[in-house]
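Peer 1: below is the structure, and that's it, no one-letter string:
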């Protein structure tokens, strides 16, 4: 078992080419969002999804992503798998007890086991022993030892930072930054996605699990991540939580100030007016949130909202069009749903922002 | 050695009646701020300060607090001491290497050793062994195991929360909340101070070391602290960092949203226009900061700024009067320097706020 440097272990994930995702018993869109994004962005690296009840169906049928990738009932149905990825992010962050035999089986087969939960695999003696015996690796994506405070670094002037922020958790902030990055790269620009959450790290093989850093070092961890990548022309920095989230706003602001964005993309899910995961807590007005984001961002670095990303998953195509129109009208900014309409308007807004920053 | 429950260890500090403070070689006001506040608020519990170069002087001469409490050169000069408190909060949070013999001597004498640094005493094998042998306790004030996210609790309606916020670190936010609490208590009100930093915890024997909580749980730790004390009429909650601080804003906002204040007191040091501890970083305009504080606070709970606490330590009496007048005029709020003028205006503003909250 390797237990050394976190960055080395993260990088090791990019070598996995035959990944088995496990969501067994938890294959709902909100909880299995890690699996869904891996299916979307590492499609070719995934060979199967484990869910006993859905065995025989496809990933597309079960999780609305991943096409014909088979859903199987056990590990024995898969040949030559090289890694088992925990595909869920349950509230509370616990690994389901009933998965233990399967994880041990994977380790015995010398498959790496990858988890993004708050409870670490390497704190489990049985997993550590099994990994040691076979030579498999336990990769806890959220583990980190960040202990540097932010120094308020002045980033390379040619580096423009665009950061996705949201009205709540789980509205698609990671997907928005990934899609803008893809769009910029396709247009010939030097753009890099920077992951700040477990799923983004599993997709890109690097990044900072910002919500698991000790509070005094959150800004510093984000700043270090950007500093290490300031040679790029565009950085698309995944956002976390929300400035208005009663539970996670510390993470949101530390990340925002640490990465000192030039531009923000405001992400919201149409129709969601209560905080996900809390009981009967209304989400504050979107305009108040946009104002609060701009106010706090500008305390650190000149910054403005450059676009709106609406998640219209619960709307019909017609309703979605109307929602995007309303958003553009209300906020005076380009709006798109990156799933339905692509990210082109946000890509163009990013390019325009870089020209504007240069002209200052 | 006791290594058990953090809260029990914190409470144990209130039993110390013959404390020796160590600031040896680091007795400057900014670094020794822990010692200075303990001298001010636990004067009767302190028997000596250790600083070899200043040996023979008084605490008042060395640290401008503590009156005739002697400064000594070694532990052997003190009889019957029951605890050694690390009196410094150096940037980086390391315990000076040269203090090791003295800490070991204290432990051999069965004195508890108390530290608020990021590096924990209990992670040092030599200290652990010495404490075990004598029965002394190692108390790491910053150690915590907070792992609950905030639930957005609705606090008891009769409970009014007042929170000190600042334009920077180390401007006197803790002192302001302690002085308002004293003033309210003296006027017959049921008011409690809630510590959120190491020095406040050393003074009150309870609280949450909020800057050392894992990011996802910062808001939750603050919320739990308030919830456990919501039976009081007034809570005066110590602030941390600043909403504009490039390094520590995550701590500031998580604490602010977790405690959901009804009123804020804005604290600043007159004449300080650059961030303490960073090179050439200007502090944003005070009015922009006040606006940002009110914007983010109201995303969680109705809240307003009720007063200004100016730290005028670098001004003459005449300059201080002029600064307070300017602050009142500019912000339209009562202003005082709690050291020079007392906290009475802020006490009155707190009482008025509670009446206003009730009348809603």
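Peer 2: Here it is on my side, so go on. Predicted, not measured: the structure shown is a model, and the values here were computed from it.
Peer 1: so which strand or helix has the spatially most central residue of chain A?
Peer 2: Central residue of chain A (CA atoms, centre = their mean): residue A:200, 3.8 Å from the mean position. Using DSSP states H and E, residue A:200 sits within helix A:198-204.
Peer 1: can you name the element that comes right after the helix or strand harbouring residue A:326?
Peer 2: Secondary-structure assignment from DSSP H and E places residue A:326 in helix A:317-331. Proceeding N to C from helix A:317-331, the next assigned helix or strand is strand A:335-336, under DSSP H and E.
Peer 1: that next one: what's the following helix or strand?
Peer 2: helix A:344-359.
Peer 1: so residue A:106: helix, strand or coil?
Peer 2: helix (DSSP: H, G, I helix; E, B strand; the rest coil).
Peer 1: quick one: contacts for it?
Peer 2: A:20, A:75, A:81, A:84, A:113, A:136 (CB atoms under 8 Å, 6 or more residues apart in numbering or on different chains). Using the backbone N, CA and C atoms, a C-beta is placed for each residue, glycine as well.
Peer 1: how near is the closest residue to the fourth one other than its chain neighbours to chain B?
Peer 2: In other words, residue A:84. Among residues not flanking residue A:84 along the chain, residue A:106 sits closest, at 4.1 Å (CB to CB, 6 or more residues apart in numbering or on different chains). In this structure, residue A:106 and chain B are 27 Å apart, going by CB to the nearest CB, to the nearest Å.
Peer 1: now for the closest residue to chain B within the stretch 251-360 of chain A, how many residues are close by?
Peer 2: Nearest residue of the stretch 251-360 of chain A to chain B (CB to the nearest CB) works out as residue A:254 at 2.6 Å. Counted with other CB atoms under 10 Å in any protein chain shown, residues neighbouring residue A:254 total 34.
Peer 1: was I right about residue A:223 contacting residue A:261?
Peer 2: No - counting by CB atoms under 8 Å, residue A:223 stays clear of residue A:261, with 11.9 Å between them.
Peer 1: helix, strand or coil for the residue of the stretch 251-360 of chain A closest to chain B?
Peer 2: Going by three-state DSSP: residue A:254 is helix.
Peer 1: for it, list the residues it contacts.
Peer 2: Counting by CB under 8 Å, 6+ apart, residue A:254 touches A:210, A:213, A:215, A:218, A:219, A:222, B:215, B:249, B:250, B:251, B:253.
Peer 1: export these as TSV, with columns for pLDDT and distance to residue B:31.
Peer 2: Listed next are the contacts of residue A:254 as TSV, based on pLDDT from 0 to 100; distance: CB to CB, whole Å:
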residue	pLDDT	distance to residue B:31
A:210	97	29
A:213	97	25
A:215	97	21
A:218	98	24
A:219	98	22
A:222	98	27
B:215	97	26
B:249	98	23
B:250	98	23
B:251	98	20
B:253	98	26
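Peer 1: could you list which of these belong to helices?
Peer 2: Using DSSP state H, the members of the contacts of residue A:254 that fall in helices are A:218, A:219, A:222, B:249, B:250, B:251, B:253.
Peer 1: show me what contacts the closest residue in space to the third one that isn't next to it in sequence?
Peer 2: Closest residue to residue A:222 in three dimensions, ignoring its sequence neighbours and counting by CB to CB, 6+ apart: residue A:258, at 2.6 Å. Taking CB under 8 Å, 6+ apart as the criterion, residue A:258 is in contact with A:150, A:218, A:219, A:220, A:221, A:222, A:223, A:225, A:226.
Peer 1: which strand or helix spans residue A:258?
Peer 2: helix A:249-259.
Peer 1: which SSE is immediately downstream of that helix?
Peer 2: strand A:263-269.
Peer 1: anything in that next one near chain B?
Peer 2: No - shown here: strand A:263-269 not in contact with chain B (CB under 8 Å from any CB of the partner chain), separated by at least 14.2 Å.
Peer 1: partners of that strand, with directions?
Peer 2: Paired neighbours of strand A:263-269 in the sheet (DSSP bridges): strand A:160-166 (parallel), strand A:304-311 (parallel).
Peer 1: most neighbours per residue, which of those?
Peer 2: Of the strands paired with strand A:263-269, the one with the most neighbours on average (mean count of other CB atoms under 10 Å in any protein chain shown) is strand A:160-166, at a mean of 27.
Peer 1: and the angle for it with helix A:344-359?
Peer 2: Going by axes from the mean of the first three to the mean of the last three CA atoms, to 10 degrees, strand A:160-166 is angled at 140 degrees with respect to helix A:344-359.
Peer 1: for strand A:160-166, what is the average pLDDT?
Peer 2: In this model, strand A:160-166 carries a mean pLDDT of 98.
Peer 1: run through who's touching it.
Peer 2: Here strand A:160-166 has contacts from A:155, A:172-174, A:176-177, A:180, A:226, A:233-239, A:241-243, A:252, A:255-256, A:259-268, A:293, A:306, A:309, A:350, A:353-354, A:357, using CB under 8 Å, 6+ apart.
Peer 1: what parts of the stretch 1-150 of chain A come near chain B?
Peer 2: A:118, A:147, A:149, A:150.
Peer 1: report the buried members of these.
Peer 2: A:118, A:149, A:150 (16 or more other CB atoms under 10 Å in any protein chain shown).
Peer 1: which one among these gets closest to residue B:39?
Peer 2: Distance ranking of those against residue B:39, using CB to CB, places residue A:149 first at 27.1 Å.
Peer 1: in three-state terms, label that closest one for me.
Peer 2: coil.
Peer 1: state the pLDDT value of it.
Peer 2: So residue A:149 comes in at 94 (pLDDT).
Peer 1: cool, and residue A:172?
Peer 2: For residue A:172, pLDDT reads 95.
Peer 1: neighbours of it, how many?
Peer 2: 23.
Peer 1: could I get the phi/psi values of it?
Peer 2: The phi and psi values for residue A:172, taken as degrees, to the nearest 10, are phi 110, psi 20.
Peer 1: which residues touch it?
Peer 2: A:166, A:267, A:269, A:309, A:311, A:338, A:339.
Peer 1: and it, how far is that from residue B:151?
Peer 2: 25 Å (CB to CB, to the nearest Å).
Peer 1: likewise residue A:97?
Peer 2: With CB to CB as the criterion, residue A:97 and residue B:151 are 24 Å apart.
Peer 1: more crowded one of the two?
Peer 2: residue B:151 (17 against 6).
Peer 1: need the contact list for the more buried one.
Peer 2: Residue B:151 neighbours (CB under 8 Å, 6+ apart): A:246, A:247, A:278, A:279, B:220, B:223.
Peer 1: gap between the nearest residue to the first one once chain neighbours are set aside and residue B:219?
Peer 2: In space, residue A:246 comes closest to residue B:152 once its chain neighbours are excluded; the distance is 3.8 Å by CB to CB, 6+ apart. Counting by CB to CB, the gap between residue B:152 and residue B:219 amounts to 9 Å.
Peer 1: which neighbours do those two share?
Peer 2: A:246, A:247.
Peer 1: higher neighbour count, the two?
Peer 2: residue B:219 (33 against 20).
Peer 1: which residues in the stretch 51-200 of chain A form helices?
Peer 2: Under the criterion DSSP state H, counting those that start in this stretch, the stretch 51-200 of chain A carries helices at the ranges A:59-63, A:100-108, A:125-134, A:173-186, A:198-204.
Peer 1: buried set for the second one?
Peer 2: Spelled out, it's helix A:100-108. So, applying 16+ other CB under 10 Å, buried residues of helix A:100-108: A:102, A:103, A:104, A:106, A:107.
Peer 1: average pLDDT across it?
Peer 2: Helix A:100-108 comes out at a mean pLDDT of 98.
Peer 1: so what's residue A:271 up against?
Peer 2: Here residue A:271 is in contact with A:314, A:315 (criterion: CB under 8 Å, 6+ apart).
Peer 1: quick one: it from residue A:60, how far?
Peer 2: Applying CB to CB to residue A:271 and residue A:60 gives a distance of 24 Å.
Peer 1: got the confidence number for the residue nearest to residue A:246?
Peer 2: 96.
Peer 1: cool, and residue A:54?
Peer 2: 97.
Peer 1: what does the one 4 residues further on give?
Peer 2: We note a pLDDT of 98 for residue A:58 in this prediction.
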